[in-house]
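Visitor: coordinates only, sequence not included:
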């Protein structure tokens, strides 16, 4: 029982970080209807930026988010403007899949060139410390990361619900054509949306770099998880993807701790297939379509 | 449907005659090894094209069936391959069995469309790979599964594998051809263009796309079987390797999805190009950047692939040269691809 | 005995680009070396050795470490006048960790570039297909990095693995040590966390068999997939059982993650063995913090403080050529270097370096290298032992077997520094 609860705690804390990554990807899909295969690579890029800021300037990894998020926001805007926007034709969904994959490769290539392929991680003084709460171990980094993810998700929610930009986004998601008629600049919304998606990757990356050893190839792991989370959540629903990320974290953690680690992720993939069998649009896809 | 011109058949005949003659003319071992993998990818891309190109369902999970085919050979021929030709005789059985197996899988996956379908098929890939790792009694798990080495003489060691790959490519292209010339091709083209509408006008959507999926998966499994026999040892991460999937998709995209020669062209171009980058930039990892750049250039400037773009440009030029009033349709020799026509009509 | 092969599975989208297609055509471009070299003029023809290494992709670091070892040996050998007066010429090509490319590369090296000899690639997974090609053409196959069971199960008689023992025996020396303890000090319960790859999990399994036979109870035994980034669920499962000894059948990143998870979960076993990762003098303290290394066991063939003859000279040559510090030298470099040493020994003894001579000569006698004195069974499996190393006072030290030990083992392991 103790081990089970410990596993659930871990799963929720880990799931929170994935929720942050997945929320960016969901935002991008919601606005542009494209699947961003570079999201994992952006997370790894964020982790390496944090690593460099920490090792050369001694900047605290959590504080470095202040620098990495604007940087990756810009990267996201540039990628959207230069590579995604020019895509034309009826196959934009497929083409963008391949283009974002190419972006992931480019980031991986650049990082390999700069850092090599050795696994590394961000190791602040408190990286290994933990609190004992009612006999359960709660890692400081994990807990702070979880709280940070919640705060950033809340900020994202606020931006979408309460700002003019957010209203434009929601209008675009629901109906791009009529949003345009109402004076929404769809191209601008797309660029900023992609930027925001990349920015969440940066924030998640800073945390990811403390929790896991990573190398430039780590993004393949990440993206496969993120894709399943995003699909399970119902493409385009941020709330759905947050819940899906938590489900994934807890499910993998419980199966790993209680049954066998080799079946941890498998369980999740099977759940995904079953859900799709019953609801081809994902858990929350049809119901809150267009609501983000 | 317009019959494929005599020129088209002639072209195919010459192409395969050349391929068949290469070993006989005394090609050295290194060239044959290289060609085995080139033709293998051409065959994979052509098979993928049946469902990814003609039906417009971009599967990223085909390598799952490649792996199943590989393990089938590994399971049966661990200890002995007899005269060395038995594994090839098993291939048709593998093809049919995997084709049947893929039907329920396709039925689930094809309830989704386009990008969601792509993601679901990635999931399929991971499930298969996890099973290959975890079902240790069957697959040997991470320890791998060996195929007994064939007793072929060293001088002609590669020949059987080479010809097997060429035959697989020929079958894949023949089926492509058949699809295009029959009602199936037309039905697939309507599925690709607008599935709901196709359903509405009475096209048997589910049946036709499942047929394409099953045939495609069966072919890929057979190629996987040849691969396993040639390489001689099967590890889960190599037999169910995402990069094989990416390879087939990319080649089909480069050459032109939904065309007969596109995937083949893509394989015969991308391979040497890739090799050139690996050689030029060597160990510096810059090759990834160069590769990504090529990738992006293709998507931005040749989004439909080389063949469709070029043939459209040629047609336009011919049209301009003949002056107004004449329609390009009179040009009977030019092979017209239904998918291209669909696109042009849009 | 670093055999990281690693992440392997979905991570391998990685090399995707590299090879997607690349399985091919290497030949066309890499033929620069030129073919025949037949005509014997006044000077002797160079001795051409072909090698395929993973210079790109996820494991390029290890592949490059092997390359440094090979090239260092080449320059040292050539400075001394070459092998039997023939200058050594290496032809190193990249396989990006792909088995198709490895087959193409070795076929190409042998049939097109017509190299005199070949050495092995990086990792068991690539060594198997590569050694089949070499065997087909009757080439000897001295290989420093493929020691998994699948390599020896092929029963090839042209193969020689340049490490002290089969990789799966990497933990036997730890079992020897634990079972040598007096009954009162011996641990009662053990947990095993094993990476699912061809070499790591079997190391822990071999230890487990020995422990169980000696009455040490198994309280936890799980395998985890290579892409597992987060070890906390596994370690929390182990911590719940509170075993005396924890055995990690690990590679690199996962070993670090296991230890970080133990620190976070405040779980302190009395004995902790990580088959790999913890034997990396530079990366390990960087990943877990130097104070936390104290008391961790691992096994090794070569490391910076190794007392084997020739090691000091190797380190000096290495630093002269590549810079850096002794602690940064990857054991893979020493293993690759040792492959070259073997060749020179054969040349010295027989005056010949053709493949048949190499194969028949290495099958008898014992051969000194940087990784110990090697001898093989008929299928190339080395018949020696690794040494047990332990982190003591911030340094990696040999602690077992007693002859050759630099320090007595530190037990039980001190608590984590946090």
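Guide: Right, received. Where do you want to start? Small disclaimer: the values here were computed from a predicted structure and weren't measured. Numbering: from 1, shown residues only, chains lettered A, B, ... in the order given.
Visitor: What sits closest to whatever residue of chain B ends up closest to chain A if chain neighbours are left out?
Guide: The minimum distance from chain B to chain A, using Cβ to the nearest Cβ, falls at residue B:288 (2.7 Å). Backbone N, C-alpha and C define where each C-beta goes, glycine included. Of all residues not flanking residue B:288 in the chain, residue A:109 sits nearest, at 2.7 Å (Cβ to Cβ, 6 or more residues apart in numbering or on different chains).
Visitor: element containing residue 99?
Guide: Picked chain A for this. helix A:92-115 (DSSP states H and E).
Visitor: The intended chain is chain B.
Guide: Judged by DSSP H and E, residue B:99 forms part of helix B:86-109.
Visitor: quick one: the residue nearest to residue B:288 and residue A:117, what's the gap?
Guide: Per Cβ to Cβ, to the nearest Å, residue A:109 is found 11 Å from residue A:117.
Visitor: Surely residue C:65 touches residue C:334?
Guide: No - the pair residue C:65 / residue C:334 is not scored as a contact, 9.2 Å apart, by Cβ atoms under 8 Å.
Visitor: Have a look at the two and say which one is more surrounded.
Guide: Comparing residue C:65 with residue C:334 by other Cβ atoms under 10 Å in any protein chain shown, the one with more neighbours is residue C:334, at 30 against 23.
Visitor: Spit out the contact partners of the more buried one.
Guide: Applying Cβ atoms under 8 Å, 6 or more residues apart in numbering or on different chains, we find residue C:334 in contact with C:69, C:301, C:302, C:311, C:314, C:370, C:371.
Visitor: now those in CSV, with neighbour count?
Guide: As requested, the contacts of residue C:334 are arranged in CSV below (neighbours: other Cβ atoms under 10 Å in any protein chain shown):
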residue, neighbour count
C:69, 26
C:301, 28
C:302, 27
C:311, 18
C:314, 24
C:370, 24
C:371, 27
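Visitor: which bits of the stretch 201-350 of chain C sit near chain B?
Guide: The stretch 201-350 of chain C comes close to chain B at residues C:201, C:202, C:225, as judged by Cβ under 8 Å from any Cβ of the partner chain.
Visitor: circling back to that earlier point, what angle separates the helix or strand that the helix holding residue B:99 is followed by from helix A:92-115?
Guide: Using DSSP H and E, the helix or strand that follows helix B:86-109 in sequence is helix B:114-134. If you take axes from the mean of the first three to the mean of the last three Cα atoms, to 10 degrees, helix B:114-134 sits at 50 degrees to helix A:92-115.
Visitor: how about residue A:131, secondary structure?
Guide: Following DSSP: H, G, I helix; E, B strand; the rest coil, residue A:131 is assigned to strand.
Visitor: my read: it touches residue A:141, true?
Guide: No - here residue A:131 lies out of contact with residue A:141, judged by Cβ under 8 Å, at a distance of 11.1 Å.
Visitor: quick one, strands of chain A?
Guide: A:130-133, A:136-139 (DSSP state E).
Visitor: How about the stretch 151-300 of chain B?
Guide: For the stretch 151-300 of chain B, strands defined by DSSP state E, counting those that start in this stretch occupy the ranges B:233-234.
Visitor: Low-confidence regions, it specifically.
Guide: B:272, B:274-287 (pLDDT under 70).
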